[in-house]
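**Q** Whatever this is, show me its structure:
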Amino acid sequence: MVPAATLHVSRRAVPRRVTAEPPFVRWLLIGVALLFLGLFLFVPLAAVFAEAFAKGFGFYFHSFDDANTLAAIKLTFIAAGIAVPLNCIFGVAAAWAIAKFDFRGKTVLITLIDLPFSVSPVVSGMIYVLLFGAQGLVGPWFIAHNIQIIFAVPGIVLATIFVTFPFVARELIPLMQAQGRTEEEAAHVLGASGWQTFWRVTLPNIKWGLIYGVILCNARAMGEFGAVSVVSGHIRGQTNTIPLHVEILYNEYNFVGAFAVASLLTFLALITLGLKTWVENKNAALRGTGN
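**A** The predicted structure is shown next:
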């Protein structure tokens with residue numbers, strides 16, 4: 001016969017299901033989530049493509065024959081193509097320094113990395129105008145040497161770099177801190193140099209987090225509006241990126257053209273979302289296997 005005290009302990013040891021809501025509550029929460037996604041995500045996406053194809057496929061593809069549209073697309077890819085690799089290098093270096101070494105000013109460095117998250121993009125664009133503009137701090141020197149920063153491609157690239165540089169670093173810092181320094185220290189003890197340790201130990205361990213950060217960085221670089229708008233000057237065919245060109249077409253009541261170009265950004269965003277989901281699933285699978 002089982003003692004009463006044992007029965008009492010066993011009953012108390014059974015965990016209570018504190019999250020067991022009635023079925024109607026679960027369905028209500030799911031319904032609210034789907035309604036929210038429908039109103040604020042799926043309906044706008046559908047509206048973009050519906051307006052883009054409002055006059056047929058022929059007019060849609062004709063919208064991309066415009067020289068200014070092609071120039072905006074080209075400039076967007078140039079800015080992203082420069083900003084993303086530079087931010088990738090900076091993000092890896094900053095995360096490696098913060099996670100693997102102890103030094104004075106580490107907290108200050110982390111705070112500076114987060115700065116673009118707390119500063120308005122418009123304000124960051126104004127900072128570059130105050131620095132490199134005709135009346136700026138160092139702008140007259142560059143103008144005297146025939147180097148145009150503001151209202152030119154270099155200003156757009158600088159603004160894009162500023163608003164996107166936290167993404168890679170912020171993705172890698174917690175990952176590398178969680179991994180610790182054990183493997184790097186073991187490689188160093190076995191005689192590996194710093195570069196050998198990085199290429200053969202550190203980089204394989206962070207590759208999926210790095211890809212994830214690059215995807216987010218690239219998405220922000222292509223879709224940035226505020227900072228780029230301030231430093232671009234809105235010169236057609238020269239300093240307009242895709243978001244700025246969409247605004248101009250919309251203000252000129254060329255709605256089909258505006259939504260056609262906007263659909264390109266939407267398509268790129270969907271590709272980014274798909275890549276992001278794939279990387280997340282790959283990360284989850286690797287964690288599940290212990291690799």
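**Q** could you dump the strand or helix carrying Ala187 to CSV, C-alpha only?
**A** Ala187 belongs to helix 182-189 when elements are defined using DSSP states H and E. C-alpha atoms of helix 182-189 as CSV (Å, rounded to 0.1, in the frame of the first residue of the first chain):
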residue,chain,number,x,y,z
THR,A,182,37.2,28.1,-26.2
GLU,A,183,37.7,26.9,-29.8
GLU,A,184,39.8,30.0,-30.7
GLU,A,185,42.0,29.5,-27.7
ALA,A,186,42.5,25.8,-28.5
ALA,A,187,43.4,26.7,-32.1
HIS,A,188,45.9,29.2,-30.8
VAL,A,189,47.5,26.7,-28.4
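**Q** by contact count, what packs against it?
**A** Taking 3 or more C-beta pairs under 8 Å, 6 or more residues apart in numbering; DSSP states H and E as contact, the helices and strands that helix 182-189 lies on are helix 194-197. For glycine as for every other residue, the C-beta is placed from the backbone atoms N, C-alpha and C.
**Q** buried sites along the helix it packs on?
**A** By neighbour count on 16 or more other C-beta atoms under 10 Å, the buried set for helix 194-197 is Thr197.
**Q** do the same with stretch 230-250
**A** Judged by neighbour count (16+ other C-beta under 10 Å), stretch 230-250 contains these buried residues: 230-232, 239-249.
**Q** Between the two ends of it, what distance do you get?
**A** The stretch stretch 230-250 measures 19 Å between its terminal residues, going by C-alpha to C-alpha, to the nearest Å.
**Q** neighbouring contacts of it?
**A** 67-69, 71-73, 75-76, 79, 122, 125-126, 128-129, 150-153, 155-156, 158-159, 222-225, 228-229, 255, 257-258, 261-262, 264-265 (C-beta atoms under 8 Å, 6 or more residues apart in numbering).
**Q** Of those residues, select the buried ones using a ChimeraX command.
**A** Selecting the buried subset of these in ChimeraX, with 16+ other C-beta under 10 Å as the burial test, is done by:
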select :69,71,72,73,75,76,79,125,128,129,150,151,152,153,155,156,158,159,222,223,224,225,228,229,257,258,261,262,264,265
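**Q** mind checking how far the helix holding Ala187 is from the chain centre?
**A** Between the centre of helix 182-189 and the centre of its chain there are 32 Å (C-alpha atoms, centre = their mean, to the nearest Å).
**Q** do the same with stretch 205-217
**A** 10 Å.
**Q** what does it rub up against?
**A** Residues outside stretch 205-217 that contact it (C-beta under 8 Å, 6+ apart) are 83-84, 87-88, 91-92, 95, 164-165, 167-172, 175-176, 179, 183, 203, 272, 275-276, 279-280, 282-283, 286.
**Q** out of those, which are buried?
**A** Of the members of these, the ones counted as buried by neighbours, 16+ other C-beta under 10 Å, are 83-84, 87-88, 91-92, 95, 164-165, 167-172, 175-176, 179, 272, 275, 279.
**Q** from these, which ones fall inside strands?
**A** Applying DSSP state E to these, no entry is found in strands.
**Q** Tell me the secondary structure at the residue most central in space within the chain.
**A** Against the mean C-alpha coordinate of the chain, by C-alpha atoms, centre = their mean, the closest residue is Leu216 at 2.6 Å. Three-state assignment for Leu216 (DSSP: H, G, I helix; E, B strand; the rest coil): helix.
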